[in-house]
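*Asks:* Below is the sequence, then the predicted model.
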Amino acid sequence: MTNIAVNTITRSEAHKPAIPLVVYCLSLGVFALTTSELMISGLLPSLQQAFGRSIADIGNLISLYALGMVFGGPVVTLLFLALRVEHKNGLLGLLIFYAIAQSVAASTSSFEVMMIARVLTGIAAAAGFGLMLAITARLVAANMRGRAVSLVFAGLMLATALGVPLATWIDSLFGWRVSFWLIVLVVLFCALTVALKIEKSPAGHSATLQTELQDMRNPALWAAYATSALAIGSSFAFYSYFSPIMTDLAQFPVHLMPFLLALYGIANIAGNFLNGRFADRYTMPLLIGGIAVMVVAMLIFACFAESKPAALLSVVLIGLTGIALNPPLVARIMRIAHPGALVNAMHASVINIGLSFGPWAGGLALENGSGLHAPLWVGFGMALAALLTLAPRSLRRL
């Protein structure tokens, strides 16, 4: 029976196209949602002036988005599983909800309303990411999932290389609200593409609520979650304060900020491509080596932030690792557990525990007078902890 099942799956997957065109549509969705989340780092001065809040308060808008992902994403995903909401329909509804909440953020003059809108968009983003990855896993053969995921997450890398610098540039010309409204338009376009181009899941294909809850009991899965949260959270501890760190500590002129953000984003794209290319075959070596590079880069940055060459080197190294490690991180998750919506939504949520902790801890240290070196030391500590989570062989074994 086992051999028959395996052979059947192999024959079925053999007929799947290597990378379906609709995967690029999902990458567009990731691009829009991630640009919305991260562009706060490039809009910090404008938002600070508009709302009359401190740098730490504005930086927390990233953390609030992340907290929405942490708590709301799994809850919405569980609700969808319990109600047997089909993946395409669920994703379409979430994108429309996201566009509405983003419209509120784009039009408000109240910081409190902005905070609420950021939480709501975070909730929709986490559940949306889970569905996007579940759909991607369904569309490709098992041995192509790492590469397909790297293409989906190319949208995330493009958000840092193109989306955030573009939003920063648009802000300098037309104001921060235009950047927010453009996200609304991209999300609505993505929703239309999903409605027209993505087929519904075959009956009985999706994992059940019981199956996915069973996966949640696996200690190896939670060890993998911890690695992801700490590794990606480490890079965001720095990235959330990118502008003031590069201008106040490294003394780069403000007009170079879009180019510095683009440099970081280009490094993300290069790292994502390389990691995605080899994620399926060399998952653990990529994770161990990549996180070790992060530890060294964060240490160099924290110690020599005032040096422009050291700052540029650190930015490139963190860009090549950090969020660019998403393909092997996700490939590891998909080998440990069924790549369903809940497993992936929970992955996004625990990542955002780390993501929200980094900016929060850095902001707290800033408020207490530790200076802009603090986010870099927080990033170093989180990267080192991520490396330590890979030490127990029983938990890192795929």
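*Replies:* Looks like it arrived, so ask away. Everything numeric in this text was worked out from a predicted model, so none of it was measured.

*Asks:* How about the secondary structure of Ala305?
*Replies:* Under DSSP: H, G, I helix; E, B strand; the rest coil, Ala305 falls in the coil class.

*Asks:* Could you pull up phi and psi at it?
*Replies:* Taking degrees, to the nearest 10, you get phi -60, psi -30 for the backbone angles of Ala305.

*Asks:* now it: how far from Glu367?
*Replies:* From Ala305 across to Glu367, the span is 19 Å (Cβ to Cβ, to the nearest Å). Every C-beta, even on glycine, is put in place using the N, C-alpha and C of the backbone.

*Asks:* So which of these two has more stuff around it?
*Replies:* Comparing Ala305 with Glu367 by other Cβ atoms under 10 Å, the one with more neighbours is Ala305, at 21 against 13.

*Asks:* What separation is there between the more buried one and Leu230?
*Replies:* Distance of Ala305 to Leu230, given as Cβ to Cβ: 22 Å.

*Asks:* Kindly report the same for Lys88.
*Replies:* In terms of Cβ to Cβ, Lys88 sits 33 Å off from Leu230.

*Asks:* State the helix or strand in which Phe189 lies.
*Replies:* Taking DSSP states H and E as the definition, one finds Phe189 inside helix 176-197.

*Asks:* Enumerate the positions of that helix that are buried.
*Replies:* Residues of helix 176-197 classed as buried by neighbour count (16 or more other Cβ atoms under 10 Å): 176-177, 179-184, 186-191, 193-194.

*Asks:* Kindly report the same for stretch 106-124.
*Replies:* Using 16+ other Cβ under 10 Å as the burial criterion, the residues of stretch 106-124 that qualify are 106, 108, 111, 114-124.

*Asks:* Equivalent analysis for stretch 290-302, please.
*Replies:* With burial defined by 16+ other Cβ under 10 Å, the residues of stretch 290-302 counted as buried are Gly290, Ile291, Ala292, Val293, Met294, Val295, Ala297, Met298, Leu299, Ile300, Phe301, Ala302.

*Asks:* so what's Leu213 up against?
*Replies:* By Cβ atoms under 8 Å, 6 or more residues apart in numbering, the residues touching Leu213 are Leu342.

*Asks:* Now do the strands in the stretch 1-150 of the chain.
*Replies:* Using DSSP state E, counting those that start in this stretch, the stretch 1-150 of the chain contains no strands.

*Asks:* which residues of it score low on pLDDT?
*Replies:* Flagging of the stretch 1-150 of the chain using pLDDT under 70 yields the residue ranges 1-18.

*Asks:* Which stretches in it count as helices?
*Replies:* Using DSSP state H, counting those that start in this stretch, the helices of the stretch 1-150 of the chain run over residues 2-14, 22-38, 40-51, 55-82, 87-107, 111-139, 145-152.

*Asks:* now what about the helix or strand following the shortest one, what contacts it?
*Replies:* Sequence order places helix 154-158 as the next helix or strand after helix 145-152, per DSSP H and E. In this structure, residues lying in contact with helix 154-158 by Cβ under 8 Å, 6+ apart are 26-32, 34, 265, 268-269, 271-273, 276, 323-324, 326.

*Asks:* What would the next helix-or-strand element following helix 154-158 look like as CSV? C-alpha coordinates only.
*Replies:* Remark: after helix 154-158, the chain's next helix or strand is helix 164-174, criterion DSSP H and E. Taking C-alpha atoms only, helix 164-174 is exported to CSV below (Å, rounded to 0.1, in the frame of the first residue of the first chain):
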residue,chain,number,x,y,z
VAL,A,164,10.6,50.5,-0.2
PRO,A,165,13.0,52.7,-2.1
LEU,A,166,10.2,53.6,-4.5
ALA,A,167,7.9,54.4,-1.6
THR,A,168,10.6,56.5,0.0
TRP,A,169,11.1,58.4,-3.3
ILE,A,170,7.4,58.9,-3.9
ASP,A,171,7.1,60.2,-0.3
SER,A,172,9.8,62.8,-1.0
LEU,A,173,7.9,64.0,-4.1
PHE,A,174,4.2,63.6,-3.2
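
*Asks:* Next, the angle helix 176-197 makes with helix 164-174.
*Replies:* Angle, helix 164-174 to helix 176-197, by axes from the mean of the first three to the mean of the last three Cα atoms, to 10 degrees: 130 degrees.

*Asks:* which helices and strands does helix 164-174 pack with?
*Replies:* The helices and strands touching helix 164-174, judged by 3 or more Cβ pairs under 8 Å, 6 or more residues apart in numbering; DSSP states H and E, are helix 22-38, helix 40-51, helix 176-197, helix 257-278.

*Asks:* Let's see the helix or strand just after the third one as PDB, backbone CA atoms only.
*Replies:* Same thing as helix 176-197. Counting by DSSP H and E, the next helix or strand C-terminal to helix 176-197 is helix 209-215. Below are the C-alpha coordinates for helix 209-215, written out as PDB (Å, rounded to 0.1, in the frame of the first residue of the first chain):
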ATOM      1  CA  LEU A 209      -8.000  21.000  10.600                       C
ATOM      2  CA  GLN A 210      -7.200  17.800  12.400                       C
ATOM      3  CA  THR A 211      -4.200  17.000  10.200                       C
ATOM      4  CA  GLU A 212      -2.700  20.500  10.600                       C
ATOM      5  CA  LEU A 213      -3.300  20.500  14.400                       C
ATOM      6  CA  GLN A 214      -1.500  17.200  14.600                       C
ATOM      7  CA  ASP A 215       1.500  18.700  12.900                       C
END
